[in-house]
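Peer 1: Quick check, what structure comes out for this input:
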Amino acid sequence: MEDRYKIFNIDGKTIILTGATGVIGSEVAKYLATFNVNLVLVGRNFDKLKSLKKEISNKKSNIEILKCDLLKEKSLQNVIEKIIKKFNSINALINAAGGHVPGSVLSENQTIFQLDFKKFDETIRLNLDGTVLPSIIFGEEICKNNNGSIITISSMAATRAITRVVGYSIAKAGIENFTRWLAMDLALKFGNGIRVNSIAPGFLITNQNKNLLIDRYGNLTERGEKIISMTPFKRFGEPKELLGAILFLLSDASSFVNGAVIPIDGGFNIYSGV
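Peer 2: Numbers count the residues shown, from 1 in each chain. Next up is the predicted model:
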């Protein structure tokens with residue numbers, strides 16, 4: 001590797017990726033598998049994990065797949081024991097688990113007073129709790145090295161009031177605050193080698209939101225048109241466009257970056273509409 005690229009080197013790191021089979025998680029997994037790393041893919045569906053491993057396996061990275069319930073401490077502890085036994089330590093965690101829960105998004109004609117609170121709570125647990133608990137459990141092990149990185153996934157919904165997605169918005173806002181809080185706390189108590197940061201994707205076309213943004217004929221819905229009109233780049237993003245920021249935050253290139261939330265949104269968050 002040329003000297004000018006060495007600050008982006010992540011070779012030899014042991015990296016945990018939660019939500020590995022999701023839209024963002026699978027894209028990150030495919031990318032990280034091209035490096036000389038120990039990549040631990042964590043998720044609830046072991047069959048999907050096996051398929052992903054088969055798809056991305058190569059001679060460069062060591063890939064381990066582990067089934068885990070991110071909302072249960074015992075399940076997380078079991079994962080840690082297996083990782084330490086095989087790789088000795090953990091250097092980084094990427095919290096890619098999350099997303100919308102069916103039934104948690106208000107329909108066009110519903111008001112907040114018709115919110116399904118059980119689905120709301122499920123959304124909060126999946127996104128916020130599913131980030132906080134792994135960060136605590138895995139983060140403790142990362143801190144033993146006095147050098148490591150924790151990455152969370154926020155959203156434009158964290159800072160902008162976006163109609164209909166109330167549970168998801170509140171969960172992502174909580175993730176951003178947690179990111180800043182954890183960054184501060186770990187740095188003060190464990191030193192400047194531990195960094196906690198977040199990326200905030202703009203609007204990507206995924207299976208979860210496709211029907212909200214594009215109609216059955218492939219045209220933009222009214223909602224999709226509004227989003228594009230508020231995005232200076234005038235297009236939706238792609239999951240692969242998150243990868244540069246992920247590598248930056250995993251590597252020494254971000255050694256003085258802590259508690260940051262990096263928007264990757266085509267300018268959506270900065271545009272007033274005029």
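Peer 1: pull the longest helix from this structure.
Peer 2: The residue-count maximum for a helix in the chain (DSSP state H) belongs to helix 166-190.
Peer 1: which residues of the stretch 151-274 of the chain score low on pLDDT?
Peer 2: The stretch 151-274 of the chain contains residues with pLDDT under 70 at 208.
Peer 1: can you rerun that using 90?
Peer 2: Applying pLDDT under 90 to the stretch 151-274 of the chain picks out residues 161-162, 205-219, 222, 273-274.
Peer 1: and if you look at the stretch 1-150 of the chain?
Peer 2: 1-5, 58-60, 100-105, 107-108, 145-146.
Peer 1: can you map out the helices along the stretch 151-274 of the chain?
Peer 2: 166-190, 210-213, 222-229, 243-250 (DSSP state H, counting those that start in this stretch).
Peer 1: Those: which one's closest to residue 147?
Peer 2: helix 166-190 (9.8 Å; Cβ to Cβ). Heads up, the C-betas are built off the backbone N, CA and C, glycines and all.
Peer 1: list the buried ones in the closest one?
Peer 2: Buried residues in helix 166-190, counting neighbours by 16 or more other Cβ atoms under 10 Å, are found at 166-176, 178-180, 182-183, 186-187, 190.
Peer 1: Could you do stretch 42-57 as well?
Peer 2: Neighbour-count burial for stretch 42-57, counted by 16+ other Cβ under 10 Å, picks out 42-44, 48-49, 52-53, 56.
Peer 1: likewise stretch 137-154?
Peer 2: Buried residues in stretch 137-154, counted by 16+ other Cβ under 10 Å: 137-139, 141-143, 147-154.
Peer 1: ditto for stretch 87-96
Peer 2: Within stretch 87-96, the residues that count as buried by 16+ other Cβ under 10 Å are 87, 90-96.
Peer 1: Give me the neighbour count for the closest residue to residue 260 other than its chain neighbours.
Peer 2: Spatially, and ignoring its direct neighbours in sequence, residue 260 is nearest to residue 197 (4.8 Å; Cβ to Cβ, 6 or more residues apart in numbering). Neighbour count for residue 197, taken as other Cβ atoms under 10 Å: 23.
Peer 1: and what of residue 266?
Peer 2: Neighbours of residue 266 under the rule other Cβ under 10 Å: 21.
Peer 1: Please report the distance of it from residue 167.
Peer 2: 25 Å (Cβ to Cβ, to the nearest Å).
Peer 1: returning to that earlier point: need the buried residues of stretch 42-57 in JSON lines (columns: secondary structure and distance to residue 70).
Peer 2: Below are the buried residues of stretch 42-57 laid out as JSON lines (DSSP: H, G, I helix; E, B strand; the rest coil; distance: Cβ to Cβ, whole Å):
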{"residue": "42", "secondary structure": "strand", "distance to residue 70": "7"}
{"residue": "43", "secondary structure": "strand", "distance to residue 70": "9"}
{"residue": "44", "secondary structure": "coil", "distance to residue 70": "8"}
{"residue": "48", "secondary structure": "helix", "distance to residue 70": "15"}
{"residue": "49", "secondary structure": "helix", "distance to residue 70": "14"}
{"residue": "52", "secondary structure": "helix", "distance to residue 70": "17"}
{"residue": "53", "secondary structure": "helix", "distance to residue 70": "19"}
{"residue": "56", "secondary structure": "helix", "distance to residue 70": "21"}
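Peer 1: Strands of this structure, residue ranges please.
Peer 2: Here the chain has its strands, by DSSP state E, at 14-18, 38-43, 62-67, 92-95, 148-153, 194-201, 261-264.
Peer 1: Would you convert those strands into JSON lines that also reports distance to residue 80?
Peer 2: As requested, the strands of the chain are exported to JSON lines (distance: least, Cβ to Cβ, whole Å):
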{"stretch": "strand 14-18", "distance to residue 80": "9"}
{"stretch": "strand 38-43", "distance to residue 80": "10"}
{"stretch": "strand 62-67", "distance to residue 80": "10"}
{"stretch": "strand 92-95", "distance to residue 80": "11"}
{"stretch": "strand 148-153", "distance to residue 80": "14"}
{"stretch": "strand 194-201", "distance to residue 80": "17"}
{"stretch": "strand 261-264", "distance to residue 80": "27"}
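Peer 1: Let me know which of those strands is the nearest to residue 236.
Peer 2: Between residue 236 and the strands of the chain, the shortest gap by Cβ to Cβ is with strand 194-201, which sits at 10.3 Å.
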